[in-house]
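Colleague: sequence and predicted structure are below.
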Amino acid sequence: MLSVLIPTYNYNAFSLVEELHRQLTLEAIIFEIICLDDGSNSVLNNENKKINTFVFSTFNSLKINIGRSAIRNLLAKKAKYKWLLFLDADVKLAQPNFIKSYIACFKSDKTVFCGGILYQNKKENFDLLRYKYGKKHEEVFYKKRNKNSEKYFFTSNFLIKKSVFNDVNFEEKLTKYGREDLLFSLELLKIGHQIKHLPNEVYHLGIDENLLFVSKTKQAMENIVFLDNMHLIDANEMPLLVIVRKISSFKMTKIVGKFYTIFEKLTIMRSSVFFLSCMKISYVCYLKSKHE
């Protein structure tokens, strides 16, 4: 009835699977848990191999890295059951009835459900840009998320019918980090599916240091430019691209693009969400100016 799918990369997913298995067993439903490492060759996979000791649960590791989109598509192909629950490896279930809440969705006429993300208020996280960004832009009450469903669709915690997933799939042309979730959600809406947000969150545990988070953000901006250039996304659906086009209309793209390294340094030094937003705009302008 339910396939729980967990892509991982250099991360110990054992404790997550342990809790999932406990809740799934308690609900007495037909299930499987598939955890797949994306070619990290990490020593942590020695711990992940213990997942195979749980019934109806498997862990395997790919020999080569295929990317965030491709590994999710592969997991869906491997899944046997009608419903697919995708979870990132670096999350922790926030609710003791997490699985029960998703099982209740099986009776709905809707086909896609998002549980949401929370961030633990730990002292060691307070000064990190990733934590600040997550608290501001991702940890959002479910009623607000439902007002802009595609914006708050995150691959870290969502339930979908396998038949619907097969109609969309993740775009494997996106090999870098970021924005595969946005494209996926927009495609869902285009073919007539609704995304319903629920108060069934997970805690995001993998809080990157500033340098790594900024690097990942730049990769996500590169993906946005790729999607725009390939006409895989409507620029009007992304406020950032709307701003960049306005800048371009004033012939200022190249000038604004020259400032991205300054904004990048300020973002890292000050852990500033504001300067991160400035860097995003400036970096996209820089990328766009290279093709003008």
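Modeller: Cool, got the structure. Residues are numbered from 1 along each chain as shown.

Colleague: and residue 32, that's in a strand?
Modeller: Yes - using DSSP: H, G, I helix; E, B strand; the rest coil, the assignment for residue 32 is a strand.

Colleague: I figured it hits residue 4, correct?
Modeller: Yes - taking Cβ atoms under 8 Å as the contact criterion, residue 32 and residue 4 are neighbours in contact, 7.1 Å apart. (Glycine included, C-beta is placed from N, CA and C.)

Colleague: and these two? Which one has more around it.
Modeller: For residue 32 and residue 4, the more surrounded residue by other Cβ atoms under 10 Å is residue 4, and the numbers stand at 27 against 18.

Colleague: is it true that the more buried one touches residue 29?
Modeller: No - because the distance of 11.0 Å does not satisfy Cβ under 8 Å, residue 4 is recorded as not touching residue 29.

Colleague: so where do the helices sit in the stretch 1-150 of the chain?
Modeller: Using DSSP state H, counting those that start in this stretch, the helices of the stretch 1-150 of the chain run over 14-27, 45-48, 68-78, 98-103, 129-137, 142-147.

Colleague: of those, which is nearest residue 167?
Modeller: Within the helices of the stretch 1-150 of the chain, the stretch nearest residue 167 is helix 68-78; the backing value is 11.3 Å (Cβ to Cβ).

Colleague: CA atoms only for that closest one, dumped as PDB, please.
Modeller: Once non-C-alpha atoms are left out, helix 68-78 reads as follows in PDB (Å, rounded to 0.1, in the frame of the first residue of the first chain):
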ATOM      1  CA  ARG A  68      19.000  14.500  -7.000                       C
ATOM      2  CA  SER A  69      16.300  14.200  -9.700                       C
ATOM      3  CA  ALA A  70      17.500  10.900 -11.200                       C
ATOM      4  CA  ILE A  71      17.700   9.100  -7.900                       C
ATOM      5  CA  ARG A  72      14.200  10.000  -7.000                       C
ATOM      6  CA  ASN A  73      12.900   8.800 -10.300                       C
ATOM      7  CA  LEU A  74      14.800   5.500  -9.800                       C
ATOM      8  CA  LEU A  75      13.300   5.100  -6.300                       C
ATOM      9  CA  ALA A  76       9.800   5.500  -7.800                       C
ATOM     10  CA  LYS A  77      10.600   2.900 -10.400                       C
ATOM     11  CA  LYS A  78      11.700   0.500  -7.700                       C
END
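
Colleague: next structured bit after the helix or strand bottoming out on mean pLDDT in the chain?
Modeller: Taking mean pLDDT, DSSP states H and E as the measure, helix 180-190 is the helix or strand of the chain with the lowest mean score, a mean of 85. Elements were assigned by DSSP states H and E; along the chain past helix 180-190, the next helix or strand is strand 195-197.
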